[in-house]
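Visitor: with the input below, show me the fold.
(one chain, ligands or ions: 1)
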Amino acid sequence: MKPSHIEHIGIAVTNLEEAIKFYENVLGLTCYNIEEVADQKVKTAFFRVGETKIELLQSTDPAGPIGKFIEKKGEGIHHIAFMVEKIEEQLIHASNLGIALIDAKPRKGAEGLDIAFLHPKATSGVLIELCEKKEMPSK
Ligand code: ZN
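Guide: Next comes the predicted model:
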């Protein structure tokens with residue numbers, strides 16, 4: 001797949017406002033975007049650290065993926081996202097290698113990225129997200 005870089009690290013938090021304060025006041029980063037992804041039942045906050053971002057995720061629904069994660073494991077690192085090209089081909093490639101996929105086809109994530117998750121049972125317990133920046137259709 002040869003990802004170009006780690007696009008972001010997703011961190012599950014119970015209180016987005018409190019978590020933002022740590023990244024701003026202690027690490028000195030700036031939250032540049034807060035976005036709700038209804039499909040994923042999360043509210044996200046983003047910080048840039050070089051080419052990589054930190055994505056804080058607060059659940060908006062206990063039955064959603066972050067709600068369930070926090071109930072099982074508590075707060076902490078939820079996933080690591082790699083930036084790739086031709087995400088559809090990468091998913092077929094992974095599937096051909098016997099890697100279980102959560103998303104057989106990419107869907108829309110935060111920040112206009114196309115995203116897809118590999119199943120953690122196939123990746124030594126780490127939830128891995130692939131993402132690709134597609135050009136926005138110009139109006
Ligand atoms: Zn993510």
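Visitor: my guess is Ala116 meets Ile99, correct?
Guide: No - using C-beta atoms under 8 Å, Ala116 is not in contact with Ile99, being 11.4 Å away. (Each C-beta comes from the backbone N, C-alpha and C, glycine too.)
Visitor: looking at the two now, which is surrounded by more residues?
Guide: In this comparison of Ala116 against Ile99, neighbours counted by other C-beta atoms under 10 Å, the higher total goes to Ala116 at 23 against 15.
Visitor: show me what that one is bridged to.
Guide: Leu130 (DSSP bridges).
Visitor: what residues are up against it?
Guide: By C-beta atoms under 8 Å, 6 or more residues apart in numbering, the residues touching Ala116 are 87, 91, 101-107, 129-131.
Visitor: want to throw those into CSV with neighbour count?
Guide: As requested, the contacts of Ala116 are arranged in CSV below (neighbours: other C-beta atoms under 10 Å):
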residue, neighbour count
Ile87, 22
Leu91, 22
Leu101, 16
Ile102, 14
Asp103, 16
Ala104, 10
Lys105, 10
Pro106, 19
Arg107, 12
Glu129, 23
Leu130, 24
Cys131, 22
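Visitor: just those now: which is nearest the ion?
Guide: Lowest distance from the ion to the contacts of Ala116 (C-beta to the ion) belongs to Glu129, with 4.8 Å.
Visitor: as a markdown table, the contacts of Ala116 with distance to the ion would be great.
Guide: Below are those laid out as a markdown table (distance: C-beta to the ion, whole Å):
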| residue | distance to the ion |
| --- | --- |
| Ile87 | 13 |
| Leu91 | 16 |
| Leu101 | 16 |
| Ile102 | 12 |
| Asp103 | 12 |
| Ala104 | 18 |
| Lys105 | 17 |
| Pro106 | 13 |
| Arg107 | 12 |
| Glu129 | 5 |
| Leu130 | 10 |
| Cys131 | 7 |
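Visitor: that concludes my questions; thank you for your assistance.
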